[in-house]
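Participant: this is the structure alone, sequence omitted:
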């Protein structure tokens, strides 16, 4: 796991840095924000994931959204936006405040919020270029169901430390998948 996080962080740094090649001017610091998100999630680890193996769960990340890849920039950016928005919401719950270090949680929320602001600006710009792209299918419904499964799991496990650790690792995987989608989209446009 310790070796996986730097790799994931590097992928996100590369992929977020390449969003500007999607004909959108995201500031250079978006790569640093993404790296910071991974670093903060890594620092938030309170228990070894190995102690929580019995609590593992497949939350069924909608793979078709991230593996197959949406066919339009707007759809791809909507997937990223919804992932960040839902992640921010998850870590903005009252129960998350009890589970994590307050300063780290505050920093994570701030980083996610800043990424969303940058992406909002970019998404608005791209929506002008492809106004009908979202009519082909709104990815937010599938992602909301995914996050609903995560919330139900936390509730079922009574928000235990292990449950939060499983969710933390799941969020790292999900964000990594979205970063790969961004990377593919940037290569498709080159």
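Facilitator: Okay, I see it. Quantities reported herein were computed from a predicted structural model and do not represent experimental measurements.
Participant: what residues are up against residue 83?
Facilitator: If you count contacts by Cβ atoms under 8 Å, 6 or more residues apart in numbering, residue 83 has them with 143, 174-175, 178. C-beta here means a position set from N, CA and C on the backbone, and glycine is covered the same way.
Participant: distance check, it against residue 152.
Facilitator: 18 Å (Cβ to Cβ, to the nearest Å).
Participant: about what we covered before: pick the one among the contacts of residue 83 closest to residue 53.
Facilitator: Here the nearest of the contacts of residue 83 to residue 53, counting by Cβ to Cβ, is residue 174; it sits at 19.2 Å.
Participant: surely the closest one and residue 61 touch.
Facilitator: Yes. Using Cβ atoms under 8 Å, residue 174 is in contact with residue 61, at 5.4 Å.
Participant: next, count neighbours for residue 51.
Facilitator: Other residues lying near residue 51 total 11 when counted by other Cβ atoms under 10 Å.
Participant: any idea how far it is from residue 166?
Facilitator: Taking Cβ to Cβ, one finds residue 51 at 11 Å from residue 166.
Participant: any stretches of this protein with poor pLDDT?
Facilitator: 1-33, 67-73, 130-138, 182-190 (pLDDT under 70).
Participant: before we move on, back to that, which residues do residue 174 and residue 61 both contact?
Facilitator: Common neighbours of residue 174 and residue 61, using Cβ under 8 Å, 6+ apart, are residue 146.
Participant: secondary structure element holding residue 83?
Facilitator: Assessed by DSSP states H and E, residue 83 sits inside helix 73-90.
Participant: next SSE after that helix?
Facilitator: Per DSSP H and E, helix 73-90 leads on to helix 94-99 as the next helix or strand towards the C-terminus.
Participant: which residues sit against that next one?
Facilitator: 46, 90, 105, 154, 159, 161, 164.
Participant: which among the residues you listed end up buried?
Facilitator: Buried by 16 or more other Cβ atoms under 10 Å: 90, 105, 154, 159, 164, out of these.
Participant: now, which of those sits nearest residue 125?
Facilitator: residue 90 (27.3 Å).
Participant: next up, the contacts around that closest one.
Facilitator: Residue 90 neighbours (Cβ under 8 Å, 6+ apart): 96, 147, 150-151, 167, 171.
Participant: can we see that at 6 Å?
Facilitator: Shown in contact with residue 90 (Cβ atoms under 6 Å, 6 or more residues apart in numbering): no residues.
Participant: who's in contact with residue 80?
Facilitator: Going by Cβ under 6 Å, 6+ apart, the list of residues near residue 80 reads residue 178.
Participant: helices along the protein, start to end?
Facilitator: 4-17, 29-43, 63, 73-90, 94-99, 102-129, 140-156, 161-189 (DSSP state H).
Participant: alright, that wraps it up for me.
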